[in-house]
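>>> below is the structure, and that's it, no one-letter string:
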């Protein structure tokens, strides 16, 4: 074998050794576990740290056991056929003791296979029970109903649901306009009712005032307004307007 051939073989052998060493170790981060497989079958579950595996024979998938969040943004219909865009958040975790069970069924894609379809279904079915005007008022109750429905749906999957929140919502443009029209109509009705009540009170006041204007009251008012000067001429029977016949 020539010198060049020996050098080539040595380089190739060294590369194979380095590749073998590289493929023989893996690292599991804090909050993860490793699912070790031999030819596709689960061999064991490893926790965090630097680990060894048989190269070319075994493989490792990493699964998070910390709290994970899913965000869902979908349009749903209410019982009165109005559209709401709902943004929600689900917090879940996979206990280390349940990793093998979860992985056997869903591999590393439990979100797309189980959680997202379940969330979308439960959000739609829960919101559809209420008219749109009750959605905001009962949003905490609706969120609680959805959380309970999701927990019931996934209770045998091996995962734990910690929290579900309806974080935001947007009504359709058509409904926003109808709400604005309704508010304007309510304001106009309140204004008309106020004006009507004001006129009624004024009429009542006038009626009471007229009823209180007896001859004696009128005479007293005239006396209070008199400036002390005698008129230059008299009319009628020639008596002063604020002096009664009895005073003659």
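Nice, I can see it. All values derive from a computational prediction rather than experimental measurement. Residues are numbered from 1 along each chain as shown.
>>> quick one, helices of this protein?
With DSSP state H as the criterion, the chain has helices at 3-24, 99-106, 110, 116-127, 132-135, 139-154, 173-212, 215-225.
>>> where among those helices is the average confidence lowest?
Lowest mean pLDDT within the helices of the chain: helix 215-225, a mean of 61.
>>> okay, now residue 126: neighbour count?
Burial of residue 126, expressed as a neighbour count using other Cβ atoms under 10 Å, amounts to 22. C-betas here are computed from N, CA, C, even on glycine.
>>> dump the residue contacts of it.
When contacts are counted by Cβ atoms under 8 Å, 6 or more residues apart in numbering, residue 126 touches 142, 145-146, 149.
>>> got those residues as CSV, with distance to residue 198 columns?
Converted to CSV, these look like this (distance: Cβ to Cβ, whole Å):
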residue, distance to residue 198
142, 43
145, 47
146, 49
149, 53
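>>> among those, who's most crowded?
residue 146 (25 neighbours).
>>> isn't that one right up against residue 122?
Yes - in this structure, residue 146 is within contact of residue 122 by Cβ atoms under 8 Å, at 5.0 Å.
>>> how long is stretch 69-85 from one end to the other?
19 Å (Cα to Cα, to the nearest Å).
>>> nope, stretch 155-164 is what I meant
15 Å.
>>> okay, buried residues for it please.
Buried residues in stretch 155-164, counting neighbours by 16 or more other Cβ atoms under 10 Å, are found at 157-159, 161, 164.
>>> so which of those is the closest to residue 136?
Compare each of these with residue 136 using Cβ to Cβ and the shortest gap goes to residue 164, at 17.5 Å.
>>> roughly how far does the closest one sit from residue 189?
Per Cβ to Cβ, to the nearest Å, residue 164 is found 40 Å from residue 189.
>>> what of residue 150?
Remark: distance between residue 150 and residue 189 (Cβ to Cβ) = 43 Å.
>>> so for these two, which sits in the more crowded spot?
The neighbour count for residue 150 versus residue 189, taken as other Cβ under 10 Å, is higher for residue 150 (21 against 10).
>>> hang on, isn't that one packed against residue 119?
Yes - between residue 150 and residue 119 a contact is recorded at 6.3 Å, counting by Cβ under 8 Å.
>>> now the common contact residues for these two.
By the contact definition Cβ under 8 Å, 6+ apart, residue 150 and residue 119 are jointly contacted by residue 90.
>>> between the two ends of stretch 24-38, what distance do you get?
Across stretch 24-38, the terminal residues are separated by 13 Å (Cα to Cα).
>>> what's it in contact with?
Applying Cβ under 8 Å, 6+ apart, the external contacts of stretch 24-38 come out as 42-55, 57-66, 96, 99-100, 103.
>>> if we go to 6 Å?
For stretch 24-38, the external contacting residues (Cβ atoms under 6 Å, 6 or more residues apart in numbering) are 43-48, 50-52, 55, 58-66, 96, 99, 103.
>>> tell me how many other residues crowd the closest residue to residue 138 other than its chain neighbours.
Excluding its sequence neighbours, the residue lying closest to residue 138 (Cβ to Cβ, 6 or more residues apart in numbering) is residue 130, at 6.2 Å. Using other Cβ under 10 Å, residue 130 is surrounded by 19 other residues.
>>> what's the answer for residue 94, then?
Neighbour tally, residue 94, other Cβ under 10 Å: 23.
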